[in-house]
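> here's my sequence, what's the structure:
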Amino acid sequence: MNFEEAYNGLMEILDEASKVRIFRALLGGKKTIRKGDYLTKSVKFAVEHAENNHIYEDEAHDVVTVVVNEDDIEDASNPGEYLSKINVEGDVIYTSKGDDYEGWDSVKNEKMVRKYRFGW
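Next comes the predicted model:
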């Protein structure tokens, strides 16, 4: 391996290290996280938030996820929450169940949720 290959490899590692996966509960059918939206790094927090919103608003909510640069988010006033500094479209990984929701333990092993419980 020459210097240039080593340098490029290191830069790729550093670039990946500056990325973070974020989650947001959004009204069903929406996938765009907007500048100023509250976010979390916890899939559990996002699922619970989607379920809570479903009950109060009587409409299904989705959990959306996307990988962004760490610089694209900032700390919010609430612990465990962040604010988006960009507009970005994410992928839906969960749709709320409303009255059929039986708690985190009932959904934590669903394929798309499980995929993000322990990392990327």
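> residue 85 and residue 74 touch, don't they?
Yes: using CB atoms under 8 Å, residue 85 is in contact with residue 74, at 6.1 Å. For the C-beta atoms, the positions are set from N, CA and C on the backbone; glycine is no exception.
> neighbours of residue 51, just the number please.
24 (other CB atoms under 10 Å).
> which SS state does it fall under?
helix (DSSP: H, G, I helix; E, B strand; the rest coil).
> show me the shaky parts of this structure.
3, 6-17, 118-120 (pLDDT under 70).
> in it, which residue is most central in space?
residue 23 (1.6 Å; CA atoms, centre = their mean).
> give the contact list for it.
39, 40, 41, 42, 43, 45, 46, 63, 64, 65, 93, 116 (CB atoms under 8 Å, 6 or more residues apart in numbering).
> show me which of the residues you listed are buried.
The neighbour-count test (16 or more other CB atoms under 10 Å) marks 39, 40, 42, 43, 45, 46, 63, 64, 65, 93, 116 as buried among the contacts of residue 23.
> quickly note the distance from the second one to residue 84.
When distance is defined by CB to CB, to the nearest Å, residue 40 is 11 Å away from residue 84.
> what does the first one give?
Taking CB to CB as the criterion, residue 39 is separated from residue 84 by 6 Å.
> what touches both of the two?
22, 24, 33, 73.
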